[in-house]
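Chemist: A predicted structure for the sequence below; I have some questions about it.
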Amino acid sequence: MVRSLKLLSLFVTPGKTRSARLYAGLSDDSSLCHEKRYLNLGYWANAPQRLDEAGDDMARLVADAAGLSGGMEVLDVGFGFADQDILWMREYQPATIHGVNSSRLQVDLARERVAACGLASRIVLREGDATRLRYPEDSFDAVVSMEAAFHFCSREGFLREAHRVLRPGGILAMTDLCAAAGPMEWPARLQAWVGRSFWQIPAQNMYDGREYERRLRAAGFGEPKVGSIWQDVYPRFIDFARARLRDPELRQRMNPVFRGFLSLSANARKRVRPTLMDYVLVQARKRSGGLDLPDAHRGRQD
């Protein structure tokens, strides 16, 4: 009941900065996964059947965009329950992954999961603010983030910090939500207000992909790329969510306020199209030379 009231309170505070309260309300029982705990929408281009696999594919997409490989020092900002960090360590084998997250609950549970996998010495997770990273300049070869930067207050503050802690030539790679390009009709404006209220998206983060690229350049990055992957994310997620939310096991364990919000949101979208928000893959490099950015869709090199 307390967690449900916390979630209900978010509807009357649009664009604020209480994402930690949001995720405390969701706890660890509100994922649509069957076994993992991803809270992102997943990447569905390879036709996975469950969010568990779609979340893994999203993690691989970000890793490939960052060019993750053995020996790299990586920072993951907004790591959730660390599913992606465990996957990255097992499949890409960087030297270390450091993680920063604003939710104490998620930090504690993610540390437990990492320790259970025997990876606590190589995946180091801490509570912190994405706009005030407690690392020296030039600390990391890659900064990565999966579906989290839209929460940060502000995203621009995070971009500046990501640039500061990256080594010259280092890559920022993210999946993120941003505003869709073009005008928004009144019904869509109302939907956007409700969604922004619940998901605690600060108003200053509501700009489109072209403006996103401009702000990456302003933060000091070269070669910024902000490309829509909406078609490979949102429509398939909505189809999956509509079916998954009818599962009796999920209905029993999931926070009822969140389940109701997802059900209403999924069923309201009879025509699924990017009129409210876009879903983007972001790549940018801290300048040092003429190397090209990695191809995010190339797949792993086994």
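Modeler: Arrived safely, thanks for sending.
Chemist: my read: residue 83 touches residue 39, true?
Modeler: No - the pair residue 83 and residue 39 does not pass the contact test of C-beta atoms under 8 Å, sitting 9.4 Å apart. For glycine as for every other residue, the C-beta is placed from the backbone atoms N, C-alpha and C.
Chemist: neighbour count for these two, which is higher?
Modeler: Under the criterion of other C-beta atoms under 10 Å, the comparison of residue 83 against residue 39 puts residue 83 first, with 25 against 20.
Chemist: so what's the closest residue to residue 117 other than its chain neighbours up against?
Modeler: Leaving aside its chain neighbours, residue 117 sits nearest to residue 86 (5.6 Å; criterion: C-beta to C-beta, 6 or more residues apart in numbering). The contact partners of residue 86, taken as C-beta atoms under 8 Å, 6 or more residues apart in numbering, are 113-114, 117, 119, 123.
Chemist: would you map the helices across the stretch 151-300 of the chain?
Modeler: Applying DSSP state H, counting those that start in this stretch to the stretch 151-300 of the chain gives helices spanning 155-165, 186-199, 209-218, 234-244, 248-253, 256-268.
Chemist: deepest in the core, which of these is it.
Modeler: helix 155-165 (a mean of 22; mean count of other C-beta atoms under 10 Å).
Chemist: quick check: residue 82 vs residue 99, distance?
Modeler: 7 Å (C-beta to C-beta, to the nearest Å).
Chemist: what is in contact with the two at once?
Modeler: In contact with both residue 82 and residue 99: 110, 123, 125, using C-beta under 8 Å, 6+ apart.
Chemist: not counting its neighbours along the chain, what's nearest the first one?
Modeler: Think residue 110. Of all residues not flanking residue 110 in the chain, residue 82 sits nearest, at 3.7 Å (C-beta to C-beta, 6+ apart).
Chemist: next, the one you found: phi, psi?
Modeler: phi 70, psi 20 (degrees, to the nearest 10).
Chemist: what's in contact with stretch 96-106?
Modeler: By C-beta under 8 Å, 6+ apart, stretch 96-106 touches 19-20, 23-24, 27-28, 73-82, 85, 88-89, 107, 110, 122-130, 133, 135, 140, 151.
Chemist: what mean pLDDT does it have?
Modeler: Mean pLDDT, computed over stretch 96-106, is 95.
Chemist: stretch 288-297 too?
Modeler: Mean predicted lDDT for stretch 288-297 stands at 77.
Chemist: repeat that for stretch 264-275.
Modeler: 61.
Chemist: also stretch 125-137?
Modeler: 97.
Chemist: now do that stretch: everything it contacts.
Modeler: Here stretch 125-137 makes contact (C-beta under 8 Å, 6+ apart) with 75, 77-79, 82, 85, 98-104, 107, 110-111, 114, 148-149, 152-154, 157-158, 161-162, 164-165.
Chemist: sorry, back to before: show me the one of the helices of the stretch 151-300 of the chain that comes nearest residue 287.
Modeler: helix 155-165 (9.5 Å; C-beta to C-beta).
Chemist: what is the closest one packed up against?
Modeler: Contact partners of helix 155-165 among helices and strands, from 3 or more C-beta pairs under 8 Å, 6 or more residues apart in numbering; DSSP states H and E: strand 73-77, strand 140-146, strand 166-179, helix 209-218.
Chemist: okay, those, which one's buried deepest?
Modeler: strand 140-146 (a mean of 27).
Chemist: tell me the angle that strand makes with strand 166-179.
Modeler: Angle between the axes of strand 140-146 and strand 166-179 is 10 degrees (criterion: axes from the mean of the first three to the mean of the last three C-alpha atoms, to 10 degrees).
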